[in-house]
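Asks: Sequence and predicted structure, then a few things I'm wondering about:
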Amino acid sequence: MADPAEKIEEKKAIPSDDNIVDEGLEKGAAALTEDKIASVINQVIDEETGARLKVYVDTCIHCGLCSEACHYYVSHDKDPQYSPVGKIKQTIWPMLKKKGRVSPEFIKKASQIASTQCNVCKRCAMYCPFGIDIAYMISIVRRICHKLGVTPLYLQDTANSHSVTMNQMWVKEDEWIDTLQWQEEDAREEIPSLRIPLEKEGADIMYSVIAPEPKFLAGLIYQAGIIMNTAGINWTMPATPGWDNSDMAMYSGDNEIMGRLKKSHFETAARLKVKKIVMGECGHAFRSVYDVGNRWLGWKMPPVEVVHAIEFYYDILKAGKIKIKKKYEKPVTLHDPCNVVRGRGLHEKARYVVNAICENFIEMHPNREHNYCCAAGGGVINCGPPFKMTRMTGNRVKADQIRTTGASVVISPCHNCHSGLEDIVHHYELGTEVKFISDILYEVMEKPE
Amino acid sequence: MNTLYQFVAGPLLWIAFALFIGGSLYKVINLILLTQKKEAYLFCFLSWKWSLRSILHWLTPFGPRNMKLHPAMTVVTFIFHICLLLTPVFLLSHLILLEESINISWWALPDQVADIMTLLIIGACIFFLVRRINSPEVRYVTSASDFVLLAIVAAPFVTGFWAYHQWAGYQPAMILHIVTGEIMLVAIPFTRLSHMLFAVFTRAYIGSEFGGVRHAKDW
């Protein structure tokens, strides 16, 4: 009879998302009045949404079939508050039903739910029998909260950095150039003729990265340099703002900043007269350039062709531009990032690449479009330390998925997934290494003498 | 009783059909016009090919992964929707009335088959009711309106079954059957039963996004 009591003890030990205090949410909500809230909600609903939102709300038959799609729901022992429709019930439904007349406390909670308990990974869109895009509705909630000034502090800080510096990490222009030259210098010890060409007009490819790479993952730029030079690619990197392809403003609901960022990115590519943009292993940046930001600017598809690293590696491996010396031996598994798999269908190419460079590839289940999200993307990891445990308790299922494979390395071709999975591996003591494709590709490829 | 019957089976029926058809047209046209006005860009992503791919996959029993995760729900939903659409349209008694009234008719279901289908619909409604109450994820998002909608759908079939078998109180049951049927017709365009009209559009859109832009499956 000791069992039930123990179970209750265990449940109590799980930190509750309800007790989290975030300064951005607190201060933002404290400055609100119900009139202000109503006017902003109605403005967004009337002027920024149309029949789509209305039909989504009117068509939802409250069947709950989207629940299983969500890693938060599954990881919280099927707590209905964490189901996709459960989150809609706590956010957009009351806003619409009460014609915007909700309390500051409600907005605070809605912002927390929309920004930290949903990764807008769109897995639920594949589980709703009507194909209702629930993540779209969550984005509307974030947009409303942004306009009300109630955004988690760390996420807002990142958006501020974008606004001021056009990159995510307050990287100054000279620091950017300096970092590239430093990586070039280091890589020349391995390949003496190596270049990281800056501002080369008319190159075939503009290579763009997210700001965390120069900030604290400069080794990835080194690896990119080695790969580009070995494959004989005519490439360049910009020396001006516009080099950062990341976009947390897209996730904070700050569409105006998102538009500025994407415009500067595309214009940089146009100025350099490149044929296409190749971007590093980042998922959200791809979403911003390929799906969301381009549309905000009025482009159905990106005005410059955008190629994600997975596809780029696929192309150069397939064309034999890179030869493999000896395949990677440790057993690996692959995490399918939402933004390039559900967002761009790169799952088969990713498998081609992984099989080309690794000896022993073990599938994670479920996989491809049905893979569970990392719980870090969608701006959630950018909400910072206050919400770290939200991600950990909210993604036990990911830990189970990785553990079941028995692999010693999980490959994650996305920055947010990568950081999120590192936290999960650590929290759940999985002992798995998390790697980018380029980490392994760099290790196993033949390099020019 | 006879005057009441004449009224519900006469003018009220015409009103109900007018509201159902007019309301449905209004809702669908409004959807298209409003989208044209405020989100016209959505149309440039719509494609017949990807829309149909998505719709057909979701019309295939156990095609999508989510249907495999909920086998009971999948079986019940398919039976429910098929019977719900076919029974009223191919019921012999309905067709006889139609022929008497405007002289058109078509193939009818054998009465016994229609009887079983009606029972299946009622059974499915009970299943949905139990699921709504018992499953935490469904109960959490349930409001009074969900029970009302379920009652609106079940009522014409319960009363129809009652009237067909001529049990006690058959005459009021018949009148109730007609009235509840009319309520259901009118409810389709004006409540969440409008998924009957909109589901094809929502599926078409997400199907087009997944097929044309995302190059991924949506099932």
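Replies: Alright, I've got the coordinates.
Asks: And the residue of the stretch 201-350 of chain A closest to chain B?
Replies: Nearest residue of the stretch 201-350 of chain A to chain B: residue A:345, at 3.0 Å (Cβ to the nearest Cβ). Every C-beta, even on glycine, is put in place using the N, C-alpha and C of the backbone.
Asks: which residues of chain A fall in strands?
Replies: A:205-208, A:235-236, A:276-279, A:305-308, A:332-334, A:361-362, A:409-411, A:433-435 (DSSP state E).
Asks: Can you redo these as TSV, where the extra columns are mean pLDDT and mean neighbour count?
Replies: Output for the strands of chain A, formatted as TSV (pLDDT from 0 to 100; neighbours: other Cβ atoms under 10 Å in any protein chain shown):
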stretch	mean pLDDT	mean neighbour count
strand A:205-208	98	25
strand A:235-236	98	23
strand A:276-279	98	22
strand A:305-308	98	21
strand A:332-334	98	26
strand A:361-362	98	18
strand A:409-411	98	24
strand A:433-435	98	19
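Asks: which SS class is the closest residue to the residue of the stretch 201-350 of chain A closest to chain B other than its chain neighbours?
Replies: Closest residue to residue A:345 apart from its sequence neighbours, by Cβ to Cβ, 6 or more residues apart in numbering or on different chains: residue B:215 at 3.0 Å. Under DSSP: H, G, I helix; E, B strand; the rest coil, residue B:215 falls in the coil class.
Asks: And chain A, is stretch B:36-48 touching that?
Replies: Yes: for a cut-off given as Cβ under 8 Å from any Cβ of the partner chain, stretch B:36-48 has contacts with chain A, namely B:37, B:38, B:39, B:41, B:42, B:44, B:45.
Asks: Can you tell me which of these end up in helices?
Replies: Judged by DSSP state H, helices contain the following of these: B:37, B:38.
Asks: if we take the residues of stretch B:36-48 next to chain A, which one ends up nearest to chain A?
Replies: Nearest to chain A among the residues of stretch B:36-48 next to chain A, with distances taken as Cβ to the nearest Cβ, is residue B:38, at 3.3 Å.
Asks: Let me see the contact set for the nearest residue to the closest one once chain neighbours are set aside.
Replies: Of all residues beyond its chain neighbours, the one nearest residue B:38 is residue A:50 (3.3 Å), with distances taken as Cβ to Cβ, 6+ apart. Applying Cβ atoms under 8 Å, 6 or more residues apart in numbering or on different chains to residue A:50 gives the contacts B:34, B:35, B:37, B:38, B:39.
Asks: after the helix or strand harbouring the first one comes which helix or strand?
Replies: Applying DSSP states H and E as the criterion places residue B:34 in helix B:11-38. Under the assignment DSSP H and E, the closest C-terminal helix or strand after helix B:11-38 is helix B:48-58.
Asks: Can you list the helices and strands that that following helix packs against?
Replies: When contacts are defined as 3 or more Cβ pairs under 8 Å, 6 or more residues apart in numbering or on different chains; DSSP states H and E, helix B:48-58 sits against helix B:195-208.
Asks: What are the buried residues along the helix it packs on?
Replies: B:195, B:197, B:198, B:199, B:201, B:202, B:203, B:204, B:205, B:206, B:207, B:208 (16 or more other Cβ atoms under 10 Å in any protein chain shown).
Asks: Then stretch A:152-172?
Replies: A:152-162, A:165-169, A:171.
Asks: So what touches that stretch?
Replies: A:22-25, A:111-112, A:115-116, A:151, A:176, A:179, A:210-212, A:214-215, A:241-244, A:246-249, A:251-252, A:254, A:257, A:260-261, A:264, A:379, A:382-387.
Asks: Just the buried ones among those, please.
Replies: Buried among the contacts of stretch A:152-172 by 16+ other Cβ under 10 Å: A:22, A:24-25, A:111-112, A:115-116, A:151, A:176, A:179, A:210-212, A:214-215, A:241-244, A:246-249, A:251-252, A:254, A:257, A:260-261, A:264, A:379, A:382-384, A:386-387.
Asks: Output the strands of chain A in JSON lines; the columns should cover distance to residue A:45.
Replies: Formatted as JSON lines, the strands of chain A follow (distance: least, Cβ to Cβ, whole Å):
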{"stretch": "strand A:205-208", "distance to residue A:45": "35"}
{"stretch": "strand A:235-236", "distance to residue A:45": "44"}
{"stretch": "strand A:276-279", "distance to residue A:45": "34"}
{"stretch": "strand A:305-308", "distance to residue A:45": "32"}
{"stretch": "strand A:332-334", "distance to residue A:45": "40"}
{"stretch": "strand A:361-362", "distance to residue A:45": "47"}
{"stretch": "strand A:409-411", "distance to residue A:45": "41"}
{"stretch": "strand A:433-435", "distance to residue A:45": "41"}
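Asks: Show me chain A divided up by domain.
Replies: According to automatic domain parsing, chain A comprises the domains A:13-151, A:156-318, A:332-444.
Asks: among these, which is nearest residue B:23?
Replies: Distance to residue B:23, taken as Cβ to Cβ, is lowest for domain A:13-151 among the domains of chain A, at 12.9 Å.
Asks: Please identify the nearest residue in space to residue A:350, excluding sequence neighbours.
Replies: Nearest to residue A:350 is residue A:310, by Cβ to Cβ, 6+ apart, at 4.9 Å.
Asks: Contact partners for the spatially closest residue to residue A:340 that is not a sequence neighbour?
Replies: With Cβ to Cβ, 6+ apart as the criterion, residue A:340 has its nearest non-adjacent residue at 4.6 Å, and that residue is residue A:346. Contact partners of residue A:346, counting by Cβ under 8 Å, 6+ apart, are A:308, A:310, A:311, A:340.
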